[in-house]
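Asks: pasted the sequence and its predicted model underneath.
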Amino acid sequence: MISVARARYVALVLLVFTVLFVSYWPSSMSEIWQAALCDLKEKTSSHNYESWFQNIKCRRREGRQFFLEVRDEFQKAWVEENYLDLIEDSLVTVTGASVEITLDAESTYASKAQHDDVGGAFQIDVEDEPVAARMARMPEEMGRVQMPAMSWDAPAAPEAFGDLADFDATQPAPKAFEERLVEAGLNPRHDFEEFVVGGSNQFVHAACSAVAENPGKSYNPLFIFGGVGLGKTHLLHAVGIEAMKANPQARVVTMSAEEFMNELITSLRQKKMNAFRTQFRNNCDVLLIDDIQFIAGKDSTQEEFFHTFNALYHSGKQIVVTSDKLPRDLPGIEERLRSRFSWGLCADIQPPEMETRIAILEKKAEADGIELSKEMAILLASSIRSNVRELEGTLIRLGAQASLLGQPMSMELARQMLDRMDIDQRNQVNTPRIIEVVAREYGISPVDIRGKRRTRAISKPRQYAMYLARKHTDDSYPRLGDEFGGKDHTTVLAAFKKIDELIEAKDPEMCSIIDRLENLLLG
Ligand SMILES: Nc1ncnc2c1ncn2[C@@H]1O[C@H](COP(=O)(O)OP(=O)(O)OP(=O)(O)O)[C@@H](O)[C@H]1O
């Protein structure tokens with residue numbers, strides 16, 4: 001028999017435990033939703049979180065059904081298409097039970113749809129707004145393109161340009177010109193003079209020069225493609241700089257495909273689509289878009305870009321695009337866009353050969369005031385072959401280290417740094433390396449893992465790589481989707497869950513596969 005005192009003690013412990021459990025476990029609808037939001041914040045990039053999740057409200061809960069409210073139809077469509085599984089996953093994590101989600105838009109305002117050929121992917125109904133109010137907003141809406149509204153072919157008389165009136169094309173005042181480059185999104189250091197030409201980039205360099213000399217009239221569009229850090233962005237900016245040097249009235253718009261998408265989203269949110277379209281379709285003579293592969297799988301952005309492309313192309317404006325692959329190898333890009341990218345000229349950029357690497361190092365060293373001997377340039381150029389950004393970074397780090405230690409840049413210092421880099425690289429666990437290790441182990445190529453083929457021999461290693469990437473990197477599911485060749489984040493989520501469940505259940509085959517791959521990866 002237990003004593004009364006002991007029974008009281010047990011009851012007290014139970015009571016304390018219940019109180020603690022009830023007060024810490026999220027129970028009210030809003031607590032559950034807040035906890036789910038925290039979980040979502042962890043799983044996605046901060047930009048994505050702010051754009052798509054932060055403003056979602058949980059309006060009602062009936063048992064396991066959650067009624068969520070988003071701002072408008074556009075957000076509803078986007079979240080439904082891209083993020084529903086992710087939200088469901090977070091709610092399951094928080095509640096520990098299965099859930100159902102119903103999404104509703106706060107307003108009945110329909111932002112997506114209706115388009116004509118060049119008219120636009122999104123028809124934003126700003127017509128209800130009084131005309132005077134819209135006109136008053138126009139200067140603010142014109143956004144980043146500050147250049148006067150001119151067509152490429154018919155420059156207006158200089159008087160029409162206000163403070164540009166005394167701008168002399170042959171002798172640009174350096175500061176004013178640089179400021180204008182920056183306004184146009186261009187990096188003044190990335191001009192043709194700074195670009196070292198060799199066998200690997202001769203063709204693309206010639207194509208870029210031709211386009212810059214005669215925008216809209218030689219190769220249109222110009223599609224530049226090639227591996228990481230090989231100078232695509234540099235050449236893209238060089239085209240813009242040269243075009244502005246040749247014609248001070250040229251309205252150049254430069255941005256990454258990601259920035260294009262973000263501006264589109266902001267314009268949709270703020271109901272400023274007219275200004276967005278004016279900026280890209282009417283106030284632009286040269287459109288330079290970097291890393292177009294980013295819009296893979298992003299249907300609404302592709303649609304808007306398609307209409308922007310048509311409008312510019314048909315009015316003879318120049319379009320230059322960079323990408324990591326040829327148009328036909330770009331996964332997740334609509335066929336009509338891929339075919340348009342191939343209308344003009346596709347020019348690839350290859351890793352530079354030894355002499356070009358040495359020349360690049362010498363040029364950068366001179367520009368940054370670093371004393372670089374020939375011997376050292378050869379050492380660096382023979383150690384780092386396939387990425388100019390890395391080559392440049394090593395030179396700068398070496399210069400910085402020598403100056404911090406108060407020593408000259410010796411061969412010994414350079415060798416030590418290269419050895420350390422080698423070790424760092426071998427230890428670095430990132431998604432590309434995981435893909436490489438898994439592909440090698442299964443005798444397939446990283447391209448197969450990033451590709452679409454679903455044979456067992458490819459899909460299984462692909463799932464292992466997705467699981468390892470989620471486990472060992474900080475990449476969010478959407479980011480991993482991009483890393484795996486533009487796949488939907490739900491594919492990665494499903495692969496992770498499937499393998500995780502098998503590991504949790506101590507499935508001997510899966511545990512041994514993952515152990516073996518982790519050994520290869522982590523040493
Ligand atoms: N031929 C070259 N001459 C001089 N500098 C170069 C050359 N090629 C590349 N660089 C320099 O290397 C760095 C990386 O180039 P850039 O950013 O243009 O590469 P990218 O191909 O656009 O890379 P990513 O695929 O990562 O976008 C830049 O600082 C650029 O100036």
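Replies: Cool, the structure landed. Numbering: from 1, shown residues only.
Asks: is it true that Glu106 touches Val70?
Replies: Yes: counting by Cβ atoms under 8 Å, Val70 is a contact partner of Glu106 at 6.7 Å. C-beta here means a position set from N, CA and C on the backbone, and glycine is covered the same way.
Asks: so between the two, which is more surrounded?
Replies: Ranked by neighbour count (other Cβ atoms under 10 Å), Glu106 and Val70 place Val70 first, with 22 against 15.
Asks: show me the contacts for that one.
Replies: Taking Cβ atoms under 8 Å, 6 or more residues apart in numbering, we find Val70 in contact with 55-56, 76, 79, 103-106.
Asks: centre of the chain versus the host helix or strand of Leu86, how much separation?
Replies: Using DSSP states H and E, Leu86 maps to helix 84-95. Centre-to-centre, helix 84-95 and its host chain are 25 Å apart (Cα atoms, centre = their mean, to the nearest Å).
Asks: save the contacts of Val70 as JSON lines, and put in pLDDT too.
Replies: Formatted as JSON lines, these follow (pLDDT from 0 to 100):
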{"residue": "Asn55", "pLDDT": "85"}
{"residue": "Ile56", "pLDDT": "91"}
{"residue": "Lys76", "pLDDT": "80"}
{"residue": "Val79", "pLDDT": "81"}
{"residue": "Leu103", "pLDDT": "89"}
{"residue": "Asp104", "pLDDT": "87"}
{"residue": "Ala105", "pLDDT": "81"}
{"residue": "Glu106", "pLDDT": "74"}
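Asks: give the buried subset of those as a ChimeraX selection command.
Replies: To isolate the buried ones among those in ChimeraX, judged by 16 or more other Cβ atoms under 10 Å, type:
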select :56,76,79,103,105
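Asks: just the contacts of Val70 now: which is nearest the ligand?
Replies: Taking Cβ to the nearest ligand atom as the measure, the ligand lies nearest Val79 of the contacts of Val70, at 29.1 Å.
Asks: spell out which parts of this structure neighbour the ligand.
Replies: Counting by Cβ under 6 Å from any ligand atom, the residues of the chain close to the ligand are 190, 194-196, 201, 228-234, 291, 324, 360, 388-389, 392.
Asks: now, of those, which are buried?
Replies: 190, 194-196, 201, 229-234, 291, 324, 360, 388, 392.
Asks: any idea how far Ile292 lies from Ala238?
Replies: Counting by Cβ to Cβ, to the nearest Å, the gap from Ile292 to Ala238 is 18 Å.
Asks: same check on Ala494?
Replies: Remark: distance between Ala494 and Ala238 (Cβ to Cβ) = 43 Å.
Asks: over to Ser403?
Replies: Separation of Ser403 from Ala238 (Cβ to Cβ): 30 Å.
Asks: repeat that for Gln34.
Replies: 49 Å.
Asks: Arg389 too?
Replies: Computed as Cβ to Cβ, the Arg389 to Ala238 distance reads 16 Å.
Asks: Leu287 too?
Replies: Remark: distance between Leu287 and Ala238 (Cβ to Cβ) = 15 Å.
Asks: residues touching Ser382, list them.
Replies: Going by Cβ under 8 Å, 6+ apart, Ser382 touches Met354.
Asks: mind listing what's buried along the helix or strand containing it?
Replies: Element membership for Ser382 (DSSP H and E) is helix 374-383. Using 16+ other Cβ under 10 Å as the test for burial, helix 374-383 gives 376-377, 380-381, 383.
Asks: so which residue of the stretch 151-300 of the chain comes closest to the ligand?
Replies: Distances between the stretch 151-300 of the chain and the ligand by Cβ to the nearest ligand atom are smallest at Gly231, namely 2.7 Å.
Asks: okay, Ser403 and Ala238: which has more neighbours?
Replies: Ala238 (23 against 12).
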